[in-house]
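A.B. asks: sequence unavailable; structure follows:
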């Protein structure tokens with residue numbers, strides 16, 4: 001009589017999962033504060049809330065992933081940046097709605113669980129959480145050989161924060177004549193990798209270790225540059241009332257993200273000459289023979305975050321951002337129109 005089936009034989013190794021959890025325990029605990037009421041491994045993460053400093057607190061939540069940047073990480077055998085990026089992406093999404101992050105929860109899935117890969121991803125997430133004062137409250141690690149191809153990994157995360165109701169920008173605050181300020185990105189961040197990989201690896205047949213003199217690093221290094229979080233630079237500006245709107249330039253680039261924060265009767269005109277587009281984007285466009293409109297719809301083109309500010313406060317905001325260590329430029333203005341972006 002044949003031996004009975006086991007979970008491990010079917011493709012799921014519980015012992016490997018336990019080893020992975022043990023390896024990340026210290027990193028996760030470093031993000032904890034006295035407000036955390038649960039232990040790692042609990043059915044649900046618990047955190048006490050002290051909202052006494054808020055007049056009208058609003059909870060804000062977001063969930064996202066790092067897309068096919070995971071493919072480049074696999075090629076480079078570097079996974080820490082994925083954990084960093086999934087946190088940074090969520091932080092910036094909350095920031096658009098003036099929210100300060102409270103806690104983050106990660107999700108890592110793969111075909112066959114590799115404890116070292118899980119450890120690197122979670123350590124990357126925990127490191128940025130610790131830097132920004134965010135609790136890594138829990139997470140999920142999934143091994144699904146029937147869902148993912150061998151060697152594949154997926155990374156996503158949920159983040160929850162709190163905002164002061166009166167500080168949350170709304171389209172009604174945007175006015176004709178407002179200035180548009182762009183904050184520098186660090187490269188592709190976490191969007192456009194499917195097109196970038198098609199250009200570099202399928203079209204140009206370039207290896208990840210090919211040195212790019214235009215960029216000053218290898219192709220793999222350029223594609224794995226971390227997603228910048230803008231929390232510490234932008235949050236101090238919110239109480240001033242100078243910011244009328246914000247946009248995180250992610251999937252959909254300029255054309256899909258900025259209109260989300262505009263009233264129906266206004267548009268934004270962006271002057272593409274007001275900042276220098278990083279060479280990695282120029283290279284993608286040249287090698288792929290990609291139209292300008294497609295580039296600005298897919299990639300951030302060197303602008304990771306956009307602020308819409310009162311025209312008379314623009315220089316004040318620029319100075320504050322630069323003092324915080326951000327590179328920022330006046331890149332456009334709000335005009336009468338129909339909820340769209342024009343890049344000239």
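C.D. replies: Nice, thanks for sending it over. The structure presented is a predicted model; accordingly, all values stated were derived computationally and were not measured.

A.B. asks: so what touches the lengthiest helix in the chain?
C.D. replies: In the chain, assigned by DSSP state H, the helix with the most residues is helix 115-132. Contacts to helix 115-132, defined as CB atoms under 8 Å, 6 or more residues apart in numbering, come from residues 16, 19-20, 23-24, 27-28, 30-31, 78-88, 91, 101, 104, 106, 108, 110, 134-136, 139, 141, 153, 155, 157, 229, 231-232. Backbone N, C-alpha and C define where each C-beta goes, glycine included.

A.B. asks: and if you look at stretch 9-26?
C.D. replies: By CB under 8 Å, 6+ apart, stretch 9-26 touches 7-8, 40-41, 112-116, 118-119, 122-123, 126, 141, 143-146.

A.B. asks: for residue 102, which residues are in contact?
C.D. replies: 47, 49, 134-135, 160-162.

A.B. asks: can you list the domains in this structure?
C.D. replies: Domains of the chain are assigned by automatic domain parsing as 7-167, 171-343.

A.B. asks: for the residue nearest to residue 240 when sequence neighbours are not counted, grab phi and psi.
C.D. replies: Nearest non-adjacent residue to residue 240, counting by CB to CB, 6 or more residues apart in numbering: residue 313, 7.5 Å away. Here is the backbone geometry of residue 313 (degrees, to the nearest 10): phi -110, psi 0.

A.B. asks: would you confirm that residue 313 contacts residue 242?
C.D. replies: Yes. Counting by CB atoms under 8 Å, residue 313 touches residue 242, with 3.9 Å between them.

A.B. asks: how about low-confidence regions in the protein?
C.D. replies: 1-2 (pLDDT under 70).

A.B. asks: what sits against the residue minimising distance to the centre of it?
C.D. replies: Central residue of the chain (CA atoms, centre = their mean): residue 89, 1.7 Å from the mean position. Neighbouring residues of residue 89 by CB under 8 Å, 6+ apart: 64, 66, 189-190, 227, 248, 250.

A.B. asks: neighbours around the residue nearest to residue 240, how many?
C.D. replies: When neighbours are counted by other CB atoms under 10 Å, residue 313 registers 18.

A.B. asks: likewise the one 10 residues further on?
C.D. replies: The local packing count at residue 323 equals 10, with neighbours defined by other CB under 10 Å.

A.B. asks: next one: residue 239
C.D. replies: The burial count assigned to residue 239 is 12, neighbours taken as other CB under 10 Å.

A.B. asks: how close does it get to residue 104?
C.D. replies: 24 Å (CB to CB, to the nearest Å).

A.B. asks: tell me which element residue 86 is part of?
C.D. replies: Per DSSP states H and E, residue 86 falls inside helix 80-95.

A.B. asks: got it, and residue 320?
C.D. replies: Applying DSSP H and E, one finds residue 320 within helix 314-323.

A.B. asks: which element follows that helix toward the C-terminus?
C.D. replies: Next element after helix 314-323 (DSSP H and E): strand 328-336.

A.B. asks: contacting residues around that following strand?
C.D. replies: By CB under 8 Å, 6+ apart, the surrounding residues in contact with strand 328-336 are 174-184, 262, 265-271, 274-275, 303, 306, 308, 311, 314, 318, 321-322.

A.B. asks: can you turn the buried part of the contacts of residue 102 into a ChimeraX selection?
C.D. replies: Per 16 or more other CB atoms under 10 Å, the buried members of the contacts of residue 102 correspond to this ChimeraX selection:
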select :47,134,135,160,161,162
